[in-house]
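# Here you go, sequence then predicted model.
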Amino acid sequence: MNFETARYNMIEQQIRPWNVLDLTILNLLDEIHREDFVPADYKSMAFSDFEIPLGNGALMLVPRVEARLIQELNVQPHETVLEVGTGSGYMTALLAQLALRVFSVEIDQDLSTEAGRKLASHDISNVTLEIGDAASGWDNHAPYDVILLTGSVPKLSEKFEQSLNINGRLLAVVGDEPNMEVQLITRISDTEFKRESLFETVIPALKNAPEPTRFSF
């Protein structure tokens, strides 16, 4: 398989048409080789519009969603990032190239260990991997400039908002399948937040994501 051609086609045919036009992000997608972060059995599908199984029920998001989420965060070189859900480590690697420091939390020890091995093979040293359940918040290193949830949540915990710096951004996919939307929340002051609904998509849920109160009749 010609990985260079496949990567080019992924960027031009899947990612650009999904309004990912930031040249920094597009160049990064070319530099960080996605095939290095997928399980060996799925290497030939690394550039497909397909959620790749990672083991233990986890899935790698499709490339266009990964790229769009990263673009919407607008991560700056001086910023500290919290990633909830390390998964394959691919999005972690992308964030690490943009940020000063990334703290990435994964509930599954096996996934975190494998992601750590892959990040090390790329000489990425500004990432701290941690094990734990961060679906309702993770304030170990707060406040953060950027928070990204890589799995959906039916209800977004307010703890994430409170873990942001002023001007910090939180990006999460909120809702239940098939009705989910990407929400961007920016902290304006100690008590004020700006909330934006960016676009609709469906991604797998975070394990142990908090559930809203549901009415039954």
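Nice, thanks for sending it over. These numbers come from a predicted model, not from an experiment. Numbers count the residues shown, from 1 in each chain.

# wait, what's in contact with Leu206?
Going by CB atoms under 8 Å, 6 or more residues apart in numbering, Leu206 touches 84-85, 135, 149-153. Where C-beta positions appear, they are placed from N, C-alpha and C, glycine not excepted.

# how about 10 Å then?
Contact partners of Leu206, counting by CB atoms under 10 Å, 6 or more residues apart in numbering, are 84-85, 107, 133-136, 149-154, 172-173.

# do the same with Gln183
Counting by CB under 10 Å, 6+ apart, Gln183 has contacts 149, 153, 156, 170-175, 195-198.

# ok, now Asn9?
Going by CB under 10 Å, 6+ apart, Asn9 touches 2, 15, 47.

# now with 8 Å?
Contacts for Asn9 were tallied using CB under 8 Å, 6+ apart; they are Phe47.

# Specify the local secondary structure of it.
Counting by DSSP: H, G, I helix; E, B strand; the rest coil, the backbone at Asn9 sits in helix.

# what separates it from Ser104, distance-wise?
Note on Asn9: its distance to Ser104, by CB to CB, to the nearest Å, is 29 Å.

# and Asp30, what is it in contact with?
The contact partners of Asp30, by CB under 8 Å, 6+ apart, come to 7-8, 11.

# quick one: which helix or strand includes it?
Secondary structure from DSSP states H and E places Asp30 in helix 23-31.

# Sheet partners, orientation included, of the next helix-or-strand element following that helix?
Next in sequence after helix 23-31, counting helices and strands by DSSP H and E, comes strand 52-55. Paired neighbours of strand 52-55 in the sheet (DSSP bridges): strand 58-60 (antiparallel).

# Next, the buried residues of the helix ranked longest in the chain.
If you go by DSSP state H, the chain has its longest helix at helix 109-121. Residues of helix 109-121 classed as buried by neighbour count (16 or more other CB atoms under 10 Å): 111-112, 114-116, 118-119.

# Compute the mean per-residue pLDDT across that helix, please.
Averaging pLDDT along helix 109-121 gives 97.

# Dump the C-alpha coordinates for stretch 110-118 into PDB.
C-alpha atoms of stretch 110-118 as PDB (Å, rounded to 0.1, in the frame of the first residue of the first chain):
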ATOM      1  CA  ASP A 110      -3.900  -1.200  28.000                       C
ATOM      2  CA  LEU A 111      -4.900   1.600  25.700                       C
ATOM      3  CA  SER A 112      -2.800   4.100  27.600                       C
ATOM      4  CA  THR A 113       0.200   1.800  27.600                       C
ATOM      5  CA  GLU A 114       0.000   1.300  23.900                       C
ATOM      6  CA  ALA A 115      -0.500   5.000  23.200                       C
ATOM      7  CA  GLY A 116       2.500   5.800  25.300                       C
ATOM      8  CA  ARG A 117       4.700   3.400  23.300                       C
ATOM      9  CA  LYS A 118       3.600   5.000  20.000                       C
END
